[in-house]
Structures are given as C-alpha cells and as structure tokens.
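Asker: Turn this into a model:
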Amino acid sequence: MWGILDRLFAFYEIGRINKEQKQSFEPETREHDGKKEFWMCFVPLSVSSDSIFRKGILPNEGTSAIYTINSLYMIKPDADETLKNLNRLYLDAIKRVKEAVKKGYSINLIGLSLGNIFAIKVAGDLKRVNNIVSIVRGAKLGSSAWKSALTSVVLGKNGNTMKTYEKGVSSYNPISHVSKINAKKVLIRLGAMDKLIPFEEGKKLAEAFLKRAKKSNLIVDYKVFKLADHCSAMFFYSLECIVKKYINRRKDC
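Answerer: A predicted model of the protein is given here:
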C-alpha cells in the first residue's frame, strides 16, 4: 500500500532485467463446465500462477483462455519492437475469440495491468461482448509505460521521448477503442497510490467509459481503492471476488 509494494516489486523485477525474459504467446486453456461462456484473460504472472489472485480473479465457469503477460518482455525501448510483440499476442487472441463466437459462446474479457491493452482492443474489435473486467490500467500505453516505476527504466535507452514513443504504440491505446465497445458491463478497479500505472492514467480511461455509458446501455461498476497501489489493488479486488464467489455464491465477479 501507499506505493511501497509497487516500489519493492519494481526493484525486484529491475534487478532481474538482464536475465532472460520469457513470454508465451499462447494461452493456458481451461474447461470448467459446459456453459457457453468464454473468458479471455490477460494477466500478470502473479495472477496466472497458483495464488490468492488466481483463485479470486480468474473465472471458474465456462471456458477460459489465460495469457500471462510479462511487461519487461513486451515493452521495449524501440516502439516497432514493442508493436511486434503486441501484435503477435493480439493476433493469436483475436483469432481464438472469433472462433469462440462462431461456436456460439458469449465473450467476456479480463485485463489486469498491461493486459488491459489487449482486453479493451479485443472488445473494440468485436460486435458484442458481455463483461469486461479492467483492473489497474491506463488510458494510453506509451505514457503509462513511460511513467511506470517498472517499465520507465527501459524506455529512455533508445533516445526516445515520451511523445515519440507514445505515437509509435498509439494503436494499443485503450482510450482509442472505448467508443467502439458494445458491452453489457465493465468493472473497473483502480489504486489511488498506483506507481506502476499512474492513477491519473487509469482515471482518464474510467471517465471515458462513464461517458460511453451515457450514450449506450453499458453498465459501469467503478471503484477506487484509496490507499492502494498497483499490487494491493489487485489483492483487494481478489478478496472482493473471493467473497462473491465462495461466500455469497455469486457468479458475476
């Protein structure tokens, strides 16, 4: 909390920056039951690995495809190299989603941290989705990454400026896709003390969804954890989901 966990996490990850970074471009797939619900999830390792995050945040119904996103692999000093990584994962994801649509599945999307850029872009490229879960995210990829306590360390190495880098990766700006989204509901959770994706970046995107809701039937469930940073906001949301799933026996988390 108060940014402490984020700084510790960034310090640990930056210390490993010269070690080989790995990124799978294919998801882990899971069949939970026979429901025609397809959940596409873009999450960091802390959520996809066995932990309280996984138990709380990831779905336990329908079929799920879970991409684990490694920010230090995906975000590179060169914008073109970054786009190459992003496009490779996105093209795999959109192909799988469209196959699920053809099979009659309802589509739901979960994006945490950097994973939001994929979840929101997929939502904008589909005719209809049910639910979008968007946790600790930013409006623009370039500025969010540039200001991050984690990825900012690598971004200035090519003589870039934030403006030029942001322009190079603008096709993955979540805020650019909000006006195209046709969804039933979007759930948004932010940490006011976030040091990995600045709160102001997330607030701009939340405001764009609230504006979209006024012009459509979209339901927006928006909450800010006031003392939470990036890591603790994910923890608090996980606890929120555990209470809904295992105590209140609800399926809407």
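Asker: thought residue 228 was touching residue 199?
Answerer: No - at 9.6 Å, residue 228 does not count as touching residue 199 under the criterion of Cβ atoms under 8 Å. For the C-beta atoms, the positions are set from N, CA and C on the backbone; glycine is no exception.
Asker: who has more neighbours, the two?
Answerer: Between residue 228 and residue 199, residue 228 has the larger neighbour count (other Cβ atoms under 10 Å), namely 26 against 21.
Asker: where's the more buried one relative to residue 44, distance?
Answerer: Look at residue 228 and residue 44: by Cβ to Cβ, to the nearest Å, they are 16 Å apart.
Asker: what's the answer for residue 160, then?
Answerer: For residue 160, the distance to residue 44 - Cβ to Cβ - is 24 Å.
Asker: Flag every buried residue along stretch 127-134.
Answerer: For stretch 127-134, burial by neighbour count (16 or more other Cβ atoms under 10 Å) applies to 129, 131-134.
Asker: between those residues, which is nearest residue 108?
Answerer: Proximity of the buried residues of stretch 127-134 to residue 108 (Cβ to Cβ) peaks at residue 131, which lies at 4.5 Å.
Asker: Mind telling me what element that closest one is part of?
Answerer: Element membership of residue 131, judged by DSSP states H and E, is strand 129-135.
Asker: and the angle for the longest helix along the chain with strand 129-135?
Answerer: Identified as the longest helix of the chain according to DSSP state H is helix 79-102. Orientation note: helix 79-102 sits at an angle of 140 degrees relative to strand 129-135 (axes from the mean of the first three to the mean of the last three Cα atoms, to 10 degrees).
Asker: that older thread, common neighbours of residue 228 and residue 199, please.
Answerer: 191-193 (Cβ atoms under 8 Å, 6 or more residues apart in numbering).
Asker: So which of these wins on neighbours?
Answerer: In the shared contacts of residue 228 and residue 199, the most neighbours by other Cβ under 10 Å go to residue 191, 31 neighbours.
Asker: quick one: contacts for that one?
Answerer: 136, 199, 224-225, 228-230, 232-233.
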